[in-house]
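Asker: got a sequence here, can you build the structure:
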Amino acid sequence: MDTRFFTTWMEEATAAVRAGRDHLTRLDAAIGDADHGTNLDRGFTAVAEALAARPPVTPGGVLVLAGSTLIRKVGGASGPLYGIAFREMGKSLGEATEVSAAELAAALEAGLAGIRRLGGAEEGDKTMVDALAPAVRALALAVQEGGTPEDALEAAAAAAEEGAKATIPLQARKGRASYLGPRSIGHEDPGAASTALLLAALRTAASR
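Answerer: Numbering: from 1, shown residues only. Alright, predicted model coming up:
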């Protein structure tokens, strides 16, 4: 997986967020500030513009630029959280020009660790961690078992989707939704839903 692959991931992520913007906003309207989809759409549009203006030469450079752009452009908690995830992923990949599936799995683990440090959330708190953590595990397991990169990313995307849906019966313990207490039960977490979109975009990039 080279620089073009990671640029394609960001292109697919931009398209996926744009297509899912209204859905994400409706999810956020139920338990948040009703701006998650709008904010992410603005952020990933800015990421696409930044990559076009200053094309990085390494996979890590793509992710660091994406993360820095999201931190600058996206309001609320999601900008800093996604921003640190992509930046930590980029730092994990370093200056490599080609990335193996195992290295991508390690980078996603680093991104998850960054989110946990910044947000303090764990699985079961009804946040993006509930989608990203199972995706990281699924990717690592598929790589360990010798699956193709495409199969590994399919497993990660499926685990993220399942994790996002599993937030519906949870009571939020972190973020804006936690203020609602039991009223947060019965709604899918918008951050988990957008994480699933980004992992699905990564799977799509692998198929191109």
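
Asker: tell me the mean pLDDT for stretch 56-64?
Answerer: Stretch 56-64 comes out with an average pLDDT of 98.

Asker: tell me the buried residues in it?
Answerer: 56, 58-64 (16 or more other C-beta atoms under 10 Å). Bear in mind the C-beta positions are built from the backbone N, C-alpha and C, glycine included.

Asker: likewise for stretch 8-24?
Answerer: 8-14, 16-17, 20-21, 23-24.

Asker: can you name the residues in contact with it?
Answerer: By C-beta atoms under 8 Å, 6 or more residues apart in numbering, the list of residues contacting stretch 8-24 from outside reads 36-38, 40-41, 44-45, 47-48, 51, 62, 66, 190, 193-194, 197-198, 200-202, 204-205, 208.

Asker: equivalent analysis for stretch 144-151, please.
Answerer: Under C-beta under 8 Å, 6+ apart, the answer for stretch 144-151 is 1, 101, 104, 142, 155, 203, 206-207.

Asker: out of the residues you listed, the closest to R72 would be?
Answerer: L104 (25.1 Å; C-beta to C-beta).

Asker: show me what the helix or strand containing that closest one packs onto, helices and strands only.
Answerer: Applying DSSP states H and E as the criterion places L104 in helix 101-119. Here helix 101-119 touches helix 78-93, helix 129-144, helix 149-165, going by 3 or more C-beta pairs under 8 Å, 6 or more residues apart in numbering; DSSP states H and E.

Asker: and stretch 103-117, which residues are buried?
Answerer: Per 16+ other C-beta under 10 Å, stretch 103-117 contains these buried residues: 103-112, 114-116.
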